[in-house]
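Novice: coords please:
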Amino acid sequence: MYTIRIKGRLGATALSAFPSMVPELKGSETELTGVLEDPSALFGVIAQIEALGLELLELRQIRGDTDVGRMSL
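Specialist: I've put the predicted structure just below:
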């Protein structure tokens, strides 16, 4: 399970690029949460963020309500 924080409020078109993720708008940022089965799925989401020209703010691997890994950019 991962949470990905992106700068800006993504609209429906941009969100459609992340069908396996659940979006939540938080102020001026968008948080995407979902299960990414393996490293290639994670890198695929990161590549999609880059391809859309979005700014990745934070990537966290989570397990339930516990934070197990964090990478801030």
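
Novice: check contacts around Leu54.
Specialist: By CB atoms under 8 Å, 6 or more residues apart in numbering, the residues touching Leu54 are 6-8, 10, 14. From N, CA and C alone the C-beta is placed, and that goes for glycine too.

Novice: give me that answer again for 7 Å
Specialist: Leu54 is in contact with 6, 8, counting by CB atoms under 7 Å, 6 or more residues apart in numbering.

Novice: what's the single longest helix in this structure?
Specialist: Among the segments of the chain that qualify as a helix by DSSP state H, the longest is helix 39-51.

Novice: Which elements pack onto that helix?
Specialist: Applying 3 or more CB pairs under 7 Å, 6 or more residues apart in numbering; DSSP states H and E, one finds that helix 39-51 contacts strand 2-7.

Novice: Ends of stretch 5-24, what's the gap?
Specialist: 10 Å (CA to CA, to the nearest Å).
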